[in-house]
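J.: Sequence and predicted structure are below.
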Amino acid sequence: MSNQEVHSPDGFSQARCRLHVCTSCRPSTIPREPAEERPGHQLHARLAAAIATDPLRECVEVVPVECMSLCPRPCAIALASKERWTYLFGDQQADTSVEDILDCLRRYLAAADGELPRAERPPSLRASILGRIPPL
């Protein structure tokens, strides 16, 4: 996927980005196998399905990641794009976080440099931020 600018149906310019989702994420109370029952695997599946039917599909590539090493804070996601801030979040839930993640993606793509001030993030993603990395 390239990082070229595209125009959304909403009329604003958006850069392309990747949404990385840790598919191995699970609380210690959930067994490793079968993999399909891990919350991270389920979150990835739900996000991929939601984005496939949303205008975001033109801008967002959903990428499964084997492990993001955030085991104490499952489920982990990261928003990344060339020449934009990269954001890392934990504590996402397969059954309740999808809409907030989509909202956050829209805000991220609408921001010229991808910067997401805390007050502008969906409430569930304010407390779950684990880090942000400056653009290259």
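T.: The structure has been received and is ready for your questions. Numbering: from 1, shown residues only.
J.: mind listing the strands in the chain by residue range?
T.: 5-7, 13-15, 17-22, 60-65, 77-80, 86-89, 129-133 (DSSP state E).
J.: and the second one, what's its mean pLDDT?
T.: Translated: strand 13-15. What strand 13-15 shows for mean pLDDT is 60.
J.: One more: the first one?
T.: Regarding strand 5-7, the rounded mean pLDDT is 43.
J.: do stretch 101-116 as well
T.: Averaged across stretch 101-116, pLDDT comes to 94.
J.: so how far is that stretch from its chain's centroid?
T.: 10 Å (CA atoms, centre = their mean, to the nearest Å).
J.: in that stretch, what counts as buried?
T.: Neighbour-count burial for stretch 101-116 flags 101-102, 104-111, 114, 116 (criterion: 16 or more other CB atoms under 10 Å). Where C-beta positions appear, they are placed from N, C-alpha and C, glycine not excepted.
J.: ok so, going back, can you add mean neighbour count and distance to Leu43 and give the strands of the chain back as TSV?
T.: Formatted as TSV, those follow (neighbours: other CB atoms under 10 Å; distance: least, CB to CB, whole Å):
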stretch	mean neighbour count	distance to Leu43
strand 5-7	11	25
strand 13-15	18	23
strand 17-22	23	6
strand 60-65	18	10
strand 77-80	24	8
strand 86-89	22	11
strand 129-133	14	16
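J.: between those strands, which gets nearest to Thr29?
T.: Closest approach to Thr29 among these is made by strand 17-22 (17.1 Å; CB to CB).
J.: The closest one - contacts with which helices or strands?
T.: Other helices and strands packing on strand 17-22, by 3 or more CB pairs under 8 Å, 6 or more residues apart in numbering; DSSP states H and E, are helix 39-52, strand 60-65, strand 77-80, helix 98-110.
J.: now the strands of the chain as a markdown table including distance to Pro123?
T.: Listed next are the strands of the chain as a markdown table, based on distance: least, CB to CB, whole Å:
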| stretch | distance to Pro123 |
| --- | --- |
| strand 5-7 | 28 |
| strand 13-15 | 23 |
| strand 17-22 | 19 |
| strand 60-65 | 21 |
| strand 77-80 | 16 |
| strand 86-89 | 13 |
| strand 129-133 | 12 |
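J.: That's all I had, so thanks and see you.
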